[in-house]
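Novice: Coordinates for the following, if possible.
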Amino acid sequence: MRWQGQELGVADAAALPGLEHLNGLVRSVTTPDFAGVTFHEVLCRTALNHVPGASAMPFDWTVNPYRGCSHACVYCFARGTHEYLELDAGRDFDTQVIVKINVAEVLEKELRRGTWSHQPVMLGTNTDPYQRAEGRYKLMPGVVGALTESGTPFSILTKGTLLRRDLPLLTDAARSVRVSIAMSIAVFDDALQHLIEPGTPTTTARLDTVRAATDAGFPVTVFLMPILPHLTDSIAAIDDALVRIKAAGATRVVYGALHLRPGAKQWFMQWLEQEHPELVSSYLGLYPGASTNAPKAYRAWLAKRVRPLLRVHGLDGRAEDDHPRGTPVSGLAARAEARAAGVVTTSRGRAAAASAAQPSLF
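Specialist: Below you'll find the model as predicted:
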């Protein structure tokens, strides 16, 4: 792979104006293999991100090796975070990717601190750690190694088939710490998937990755979300998705309706006007003004469709809304420490030492 890089301070036609002010910027990189995408390599000061308790997310710590994502999912909830870098939440999010090239080394130092209490860490909550650039930068093996060596349990949520590269490493890690794996698969219609997630691996490739992970002994969760009103919420579409998820060996499904947060909402509605103009008025009715969530009535209607089908296909599962977003969920590790230490095993019976902080994140 031939990469072209410009040192900081040297004019680069591919770099955006203002990026010279990005903290820790080393260089901006382009390559023919990623047409139209620029990678901005930075030296980060921190790797562990503490999740505010008010966020109501079921985890307290995250690591994000990348910001921005070449998956280019039109609906991606993380789009708005790119605006913190004075980049836009639309095209820039897809094509201006920040790469924390020293994330593993910084993480290793942070995990060695005496104050670190080995709380669970989540990977893939903002942008995908196994997006295509990971094939070039190979940041995840170092991240996984640092977490494992420190005795820190972790979970991975991804759409990336590059996960398969690291399955041997993750299998070794699971002998020491709790490792949870989830694959995000929202769209099972190939034509629609190509339109709305143009940079992602195909649905079939992701299902094959689920199978590879289950064959390696991991109980895999599939995130069937977002479910898109009038596009993927029919009984036939949901049933087909669950049939294929079950066949791939997944044990659990988390489902939820589309969220349209600031940044993502404008980009998604622009896409909808171009690809499905007949649905614009319906979406404006479901997501009026500044609203980000589908109405409670729609979510209840969706649950009545999904839950019976989960039972039919013998899949464990829950709605994303089963853990209310408005209720703070913090201190997972502190609560887990009250539990007696034990031993957990993978689905193939491999023993793994259970740390005091191992609540399931999926």
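
Novice: Disregarding flanking residues, what is the spatial nearest neighbour of Met225?
Specialist: In this structure, Met225 finds its nearest non-sequential neighbour in Gly256, 4.1 Å apart by CB to CB, 6 or more residues apart in numbering. In this view, the C-beta of every residue, glycine as well, is placed from N, C-alpha and C.

Novice: chain center to the helix or strand containing that neighbour: distance?
Specialist: According to DSSP states H and E, Gly256 maps onto strand 252-257. Centre-to-centre, strand 252-257 and its host chain are 14 Å apart (CA atoms, centre = their mean, to the nearest Å).

Novice: Can you give me the end-to-end span of stretch 110-118?
Specialist: 11 Å (CA to CA, to the nearest Å).

Novice: just checking, the residue nearest to Met225 touches Asp321?
Specialist: Yes. Counting by CB atoms under 8 Å, Gly256 touches Asp321, with 6.7 Å between them.

Novice: Who has more neighbours out of those two?
Specialist: Gly256 (22 against 17; other CB atoms under 10 Å).

Novice: Now do that one against Arg299, distance only.
Specialist: Here the distance between Gly256 and Arg299 works out to 8 Å (CB to CB, to the nearest Å).

Novice: what residues are shared contacts of the two?
Specialist: Counting by CB atoms under 8 Å, 6 or more residues apart in numbering, the contacts common to Gly256 and Arg299 are Ala319, Asp321.

Novice: which other helices and strands contact the strand holding Gly256?
Specialist: Judged by 3 or more CB pairs under 8 Å, 6 or more residues apart in numbering; DSSP states H and E, strand 252-257 is in contact with strand 221-227, helix 296-312, strand 316-319.

Novice: So what are the sheet partners of the last one and their directions?
Specialist: When sheet partners are counted by DSSP bridges, strand 316-319 sits next to strand 252-257 (parallel).

Novice: Would you mark the buried spots in the very next helix or strand once past the partner strand?
Specialist: Where DSSP H and E defines the elements, the next helix or strand beyond strand 252-257 is helix 264-275. Neighbour-count burial for helix 264-275, with 16 or more other CB atoms under 10 Å as criterion, is recorded at Ala264, Lys265, Trp267, Phe268, Met269, Leu272.

Novice: tell me the contacts of the residue nearest to Leu163 when sequence neighbours are not counted?
Specialist: What sits nearest to Leu163 in space, not counting adjacent residues and going by CB to CB, 6+ apart, is Tyr130, at 5.1 Å. Neighbour list for Tyr130: Gly124, Met140, Ile156, Thr158, Lys159, Gly160, Thr161, Leu162, Leu163 [criterion: CB under 8 Å, 6+ apart].

Novice: Reformat the residues you listed as a markdown table; add pLDDT, distance to Arg244 and secondary structure.
Specialist: Shown next, in a markdown table, are these (pLDDT from 0 to 100; distance: CB to CB, whole Å; DSSP: H, G, I helix; E, B strand; the rest coil):
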| residue | pLDDT | distance to Arg244 | secondary structure |
| --- | --- | --- | --- |
| Gly124 | 92 | 21 | coil |
| Met140 | 98 | 26 | helix |
| Ile156 | 97 | 21 | strand |
| Thr158 | 98 | 18 | strand |
| Lys159 | 97 | 15 | coil |
| Gly160 | 97 | 18 | coil |
| Thr161 | 97 | 16 | helix |
| Leu162 | 97 | 21 | helix |
| Leu163 | 98 | 18 | helix |
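
Novice: Just give me the closest of these to Leu242.
Specialist: Nearest to Leu242, judged by CB to CB, of these is Lys159 at 18.2 Å.

Novice: Next up, the contacts around that closest one.
Specialist: Shown in contact with Lys159 (CB under 8 Å, 6+ apart): His71, Cys73, Asp128, Tyr130, Gln131, Met183, Ser184, Ile185, Glu197, Thr200, Pro201, Arg206.

Novice: Quickly note the distance from it to His50.
Specialist: 25 Å.

Novice: For the residue most central in space within the chain, which non-adjacent residue is closest in space?
Specialist: The centroid of the chain falls nearest to Gly124 when counting by CA atoms, centre = their mean (3.4 Å). Closest residue in space to Gly124, ignoring its immediate chain neighbours: Leu157 at 3.6 Å, by CB to CB, 6+ apart.

Novice: wait, doesn't the one you found sit right on Ser184?
Specialist: Yes. Counting by CB under 8 Å, Leu157 touches Ser184, with 6.2 Å between them.

Novice: Overlap of the contact sets of the two?
Specialist: Contact criterion CB under 8 Å, 6+ apart; residues shared by Leu157 and Ser184: Phe223.

Novice: so who does the spatially closest residue to Val254 that is not a sequence neighbour touch?
Specialist: Of all residues not flanking Val254 in the chain, Phe223 sits nearest, at 5.0 Å (CB to CB, 6+ apart). Neighbouring residues of Phe223 by CB under 8 Å, 6+ apart: Leu157, Ala182, Met183, Ser184, Ile185, Ala186, Val253, Val254, Tyr255.

Novice: quick one: the closest residue to the last one other than its chain neighbours and Ile235, what's the gap?
Specialist: Right, the one you point to is Tyr255. Spatial nearest neighbour of Tyr255, excluding adjacent residues (CB to CB, 6+ apart): Leu224 at 4.4 Å. Leu224 is 14 Å from Ile235, where distance means CB to CB.

Novice: higher neighbour count, those two?
Specialist: In this view Leu224 and Ile235 are compared by other CB under 10 Å, and Leu224 has more residues nearby, 26 against 11.
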